[in-house]
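**Q** Pasted the sequence and its predicted model underneath.
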Amino acid sequence: MQTRVPGGRQFTVFVNHFKSKFVQPRKGQTKAEVEAERQLAAAYRLRQARAVVELVHERFPGTRFSTAWFAVAGDLNSLNAEAPALEITAAGLDDAVARLPVEERWTEYYAGGGSVGQLDYLFLSPALAAATSGTLPSIERRGIGMRTASAVDGLPLPKRVRLEASDTQQPTATINFRFDRFPGVTAKVKASDHCPVFFDLP
């Protein structure tokens, strides 16, 4: 997607939605077979990340990579310490969400695991990262779901969730999950299990 920001500068966004991390076990499958499917899905996401890097360099070759304003955005279905997200960071793009404190970067709630993590990203080109130095993104979480509401005080459950950076690492912290939701959000009614990320351009 291309547009022009006030002042006439061209701005390009590469919008992505990588393969899901979720694998639904089928009847009769062994744990090893399910894990093999998870590994295939992980390898697919890594190929997607590498393809995105190739597309970016094709669109902005040579010095244009360093001077153009562009962003790679979307749901990568990759936690921030996993290979697909790291692949894009290693290509020289700046994860704007990583400007926030670690405990404030999460964008997704996994009810089945009682955990949160960053699956959604806004990677900025070198020039755009420099132009927005000091600008922080905001994450809107009031539409995210919950497990249920407490019968005692009506507040969301669980009370706390684990903050994860990788499927293979121990959680890095626990997060208070009893923050305010929009009116009407319940265990059965929610906007999403992901949170939108907002970022202001100069």
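**A** Okay, I see it. Residues are numbered from 1 along each chain as shown.
**Q** for this protein, what spans make up the helices?
**A** Secondary structure of the chain (DSSP state H): helices at 31-59, 64-67, 83-90, 126-131.
**Q** May I see those organised as a markdown table, with mean neighbour count and distance to residue 151 added?
**A** The way it works is simple: take the backbone N, C-alpha and C, and place the C-beta from them, glycine included. As requested, the helices of the chain are exported to a markdown table (neighbours: other CB atoms under 10 Å; distance: least, CB to CB, whole Å):
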| stretch | mean neighbour count | distance to residue 151 |
| --- | --- | --- |
| helix 31-59 | 15 | 35 |
| helix 64-67 | 14 | 55 |
| helix 83-90 | 19 | 39 |
| helix 126-131 | 17 | 47 |
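**Q** Make JSON lines from those and add distance to residue 75 and mean pLDDT to it.
**A** Shown next, in JSON lines, are the helices of the chain (distance: least, CB to CB, whole Å; pLDDT from 0 to 100):
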{"stretch": "helix 31-59", "distance to residue 75": "11", "mean pLDDT": "95"}
{"stretch": "helix 64-67", "distance to residue 75": "24", "mean pLDDT": "96"}
{"stretch": "helix 83-90", "distance to residue 75": "11", "mean pLDDT": "96"}
{"stretch": "helix 126-131", "distance to residue 75": "20", "mean pLDDT": "96"}
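**Q** hey, where'd the strands end up in the chain?
**A** 2-4, 10-17, 69-75, 94-95, 108-110, 115-117, 120-124, 138-139, 148-149, 156-157, 160-164, 173-176, 197-198 (DSSP state E).
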